[in-house]
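K.L.:
I would like to see how this sequence folds:
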Amino acid sequence: MSTTVATRRSLNASIHARVERIDWTSVSTHLDGYGWAMLQKMLTADECRDIAGLYDDESRFRSQVVMARHGFGRGEYKYFRYPLPDIVADLRTSLYPRLAPFANRWNEAMGIEVRYPEAHADFIARCHKAGQTRPTPLLLRYGADDYNCLHQDLYGEHVFPFQAAFLLSEPEQEFTGGEFILTEQRPRMQSRAEVVPLRRGDGVIFAVHNRPVQGTRGTYRVNLRHGVSRLRSGRRHTVGVIFHDAK
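P.N.:
Below you'll find the predicted structure:
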């Protein structure tokens with residue numbers, strides 16, 4: 001067996017093992033209650049540095065977005081090209097089958113007919129058949145005074161209801177400010193904000209668009225958006241794992 005293949009399989013087993021160790025019952029409960037859930041210490045410090053270090057390797061990416069040019073905020077990000085870096089691909093394929101049952105349960109509760117297959121490859125095949133062929137995992141970089149406006153990552157007709165983000169920089173050491181924020185817009189009520197207390201290597205699973213909420217008259221949908229508050233100093237890197245591809 002070649003060293004490359006051995007390393008690839010070892011990495012896959014490592015990420016898969018970490019995903020399997022997660023308390024998915026607690027994740028499900030927190031997602032149902034708040035629209036997000038933390039995955040603590042998913043990546044090592046070395047892995048975080050390695051992923052962040054890819055930012056200047058143009059061969060890894062299909063496009064770059066400077067947020068200020070589009071009114072998205074300040075800072076920039078790059079979409080990976082296929083093939084994805086091994087660790088990003090493994091996070092995507094290992095997390096998806098754990099989240100697919102939650103996604104199906106949410107859609108059923110919200111009266112949405114779409115159901116998601118067990119394997120990520122089957123869902124990606126569905127995206128590609130509909131013309132959504134561009135990979136969406138991305139690497140984000142923020143400097144002092146940068147921020148990301150509240151938004152949703154939809155990209156096309158086929159949207160998986162959850163996505164993940166992993167913080168690659170250490171708060172209070174490598175940067176200050178830059179908190180990950182979610183807002184929830186509830187019908188006939190003011191919006192609710194949540195700040196997710198991420199450390200380097202932590203991940204957050206969160207709703208892309210809507211989540212079901214049980215009210216006195218049955219289940220209704222609430223709308224969620226996410227963003228990043230203004231950095232006060234330093235530099236912050238994040239890797240985003242989106243499970244659907246883009247047109």
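K.L.:
Just give me how far stretch 72-82 sits from the chain centre.
P.N.:
On the basis of C-alpha atoms, centre = their mean, to the nearest Å, stretch 72-82 sits 13 Å off its chain's mean C-alpha point.
K.L.:
Kindly report the same for stretch 115-123.
P.N.:
17 Å.
K.L.:
Determine how far the last residue of it lies from the first.
P.N.:
Using C-alpha to C-alpha, to the nearest Å, the end-to-end distance of stretch 115-123 comes to 10 Å.
K.L.:
Kindly report the same for stretch 189-202.
P.N.:
Termini of stretch 189-202 sit 31 Å apart (C-alpha to C-alpha).
K.L.:
Also stretch 239-247?
P.N.:
Span of stretch 239-247 from end to end, C-alpha to C-alpha: 21 Å.
K.L.:
can you list the residues that contact it?
P.N.:
51, 77, 88, 91-92, 95-96, 99, 120, 123-124, 127-128, 131-140, 153, 155-156, 158-160, 162-166, 168, 208 (C-beta atoms under 8 Å, 6 or more residues apart in numbering). For every residue, glycine as well, the C-beta is placed using N, CA and C.
K.L.:
And for stretch 92-111?
P.N.:
With contact meaning C-beta under 8 Å, 6+ apart, stretch 92-111 is reached by 12, 15-16, 19, 22, 24, 28, 31, 84, 112-121, 123, 137, 160-162, 164, 205, 210-212, 219, 221, 241, 243.
K.L.:
Okay, buried residues for stretch 40-50 please.
P.N.:
42-43, 47-48 (16 or more other C-beta atoms under 10 Å).
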